[in-house]
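1. Here's a sequence, model it:
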Amino acid sequence: MTEVKKRVLMVDGMALLFRGYYATSYSGNIRKTSAGLPTNAVYGFLLYFFDAINEFNPTHIVCCWDMGASTFRNESYSQYKQNRSEAPLELRPQFELVKEVVAEMGVLNIGITGYEADDCIGTLSRMLQENSEVYILTGDHDMLQLITEQVKVVIMNKGRSNYTVYDIKTLFETKQLTPLQVIDLKAFMGDSADNYPGVKGIGEKIALKLISEYKSVEGCLENLDKLPNGVRSKIEANLDMLHLSRDLARIRLNVPIKCELEQCIWQLQRDATIKKFDELEFRGLINMLEVI
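-> Numbering: from 1, shown residues only. Modelled structure (predicted):
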């Protein structure tokens, strides 16, 4: 009898939750229970979650979360993510609610104070790839640095069931980058969403050219004398920020968490799930469970 290949779906919980919220709140008509509890983000999360299960047929699932507190990156750079506005009022009660729902379905929730979900995903992907293939479900292109022979990154595009699956080959064909070069790209160009600048005056186009030619930050620094004067002077004036930006961009692979493959087995706890969905008045989703 052929052994079923183990496939872990690692879910970037916040990416799905925020996507679920904004996909359904733009009209201003936010889904709520009859008691007035907002549930639109959780409902959207579950639609994306079940779509991905049907698409990728995982044998194991784990869901990772940001814990809301500041992380070691804020200690390194006080302006990190400081440009972000507070979460909308209707979204806030759904942060804990979604974890409750995920747990009721029988899926492991993981989050560590002081680290981002990305770091948990990076660490777990390295642990779990030894005995399975790993698919990381996210909307965050920073995760492309985590690709290995056993780890693929699934980027969610606009709309439902619209994915780009990146492996080592696809990443190079589409972006001319290796996984580690994704970090060096951010070191040069920074990240406006995470609010760190990289090298002031160097954007994506020049950053890609530098990495294409010199392969890495170190390769560029070893060849500073060969760079155009303008580019060289920008790098020299921002060396500290170049190194800091690379450190901020690098997803950690050594978060202090333990997770055995057996803890992540995907087996929907149907009765508990139906009870929770009924409580949240998710009638349409209860019908969807028939095909899960």
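2. Just the helices from the stretch 51-200 of the chain, written as ranges.
-> For the stretch 51-200 of the chain, the helices defined by DSSP state H, counting those that start in this stretch occupy 72-76, 94-105, 117-128, 168-175, 179-189.
3. got these as a markdown table, with mean pLDDT and mean neighbour count columns?
-> Quick note: C-beta positions are derived from backbone N, CA and C, even for glycine. Below are these laid out as a markdown table (pLDDT from 0 to 100; neighbours: other C-beta atoms under 10 Å):
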| stretch | mean pLDDT | mean neighbour count |
| --- | --- | --- |
| helix 72-76 | 94 | 15 |
| helix 94-105 | 98 | 19 |
| helix 117-128 | 97 | 24 |
| helix 168-175 | 97 | 14 |
| helix 179-189 | 98 | 23 |
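4. Looking at those, which is nearest to residue 257?
-> With C-beta to C-beta as the measure, helix 117-128 is the member of those nearest residue 257 (6.1 Å).
5. ok, which stretches of the chain are strands?
-> Under the criterion DSSP state E, the chain contains strands at 7-12, 60-64, 108-110, 133-138, 151-156, 163-166.
6. and those strands as CSV, adding distance to residue 77?
-> Output for these, formatted as CSV (distance: least, C-beta to C-beta, whole Å):
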stretch, distance to residue 77
strand 7-12, 22
strand 60-64, 23
strand 108-110, 25
strand 133-138, 23
strand 151-156, 25
strand 163-166, 27
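7. Reformat the ones you listed as a markdown table; add mean neighbour count and distance to residue 288.
-> Formatted as a markdown table, the strands of the chain follow (neighbours: other C-beta atoms under 10 Å; distance: least, C-beta to C-beta, whole Å):
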| stretch | mean neighbour count | distance to residue 288 |
| --- | --- | --- |
| strand 7-12 | 26 | 17 |
| strand 60-64 | 26 | 16 |
| strand 108-110 | 17 | 21 |
| strand 133-138 | 24 | 18 |
| strand 151-156 | 22 | 18 |
| strand 163-166 | 16 | 19 |
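8. Just put those in a markdown table and tack on mean pLDDT and distance to residue 78.
-> Output for these, formatted as a markdown table (pLDDT from 0 to 100; distance: least, C-beta to C-beta, whole Å):
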| stretch | mean pLDDT | distance to residue 78 |
| --- | --- | --- |
| strand 7-12 | 98 | 25 |
| strand 60-64 | 98 | 25 |
| strand 108-110 | 97 | 27 |
| strand 133-138 | 98 | 26 |
| strand 151-156 | 98 | 30 |
| strand 163-166 | 97 | 32 |
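9. on that earlier part again, for residue 205, which of the helices of the stretch 51-200 of the chain is the nearest?
-> helix 179-189 (8.9 Å).
10. Contacts only, for the residue lying closest to residue 144 once chain neighbours are set aside.
-> Using C-beta to C-beta, 6 or more residues apart in numbering and skipping the chain neighbours, the partner closest in space to residue 144 is residue 182 (4.8 Å). Residue 182 makes contact with 141-142, 144-145, 171, 249 under the criterion C-beta atoms under 8 Å, 6 or more residues apart in numbering.
11. just residue 120 next, same as before
-> Contacts of residue 120 were listed using C-beta under 8 Å, 6+ apart, and they are 64-65, 110-112, 255, 257.
12. Could I have the ChimeraX command that selects the buried members from these?
-> The buried residues among the contacts of residue 120 can be selected in ChimeraX (16 or more other C-beta atoms under 10 Å) with this line:
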select :64,65,110,111,112,255
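13. out of the contacts of residue 120, who's nearest residue 214?
-> Once C-beta to C-beta is applied, the member of the contacts of residue 120 that ends up nearest residue 214 is residue 255, at 30.9 Å.
14. Next one: the nearest residue to residue 276 once chain neighbours are set aside from residue 13, what distance?
-> In this structure, residue 276 finds its nearest non-sequential neighbour in residue 104, 4.4 Å apart by C-beta to C-beta, 6+ apart. Residue 104 sits 15 Å away from residue 13, going by C-beta to C-beta, to the nearest Å.
15. just to revisit the earlier point, verify the stated contact: the residue nearest to residue 276 with residue 268.
-> No - with contact defined as C-beta atoms under 8 Å, residue 104 does not count as touching residue 268 (10.1 Å).
16. Perfect, that will be all.
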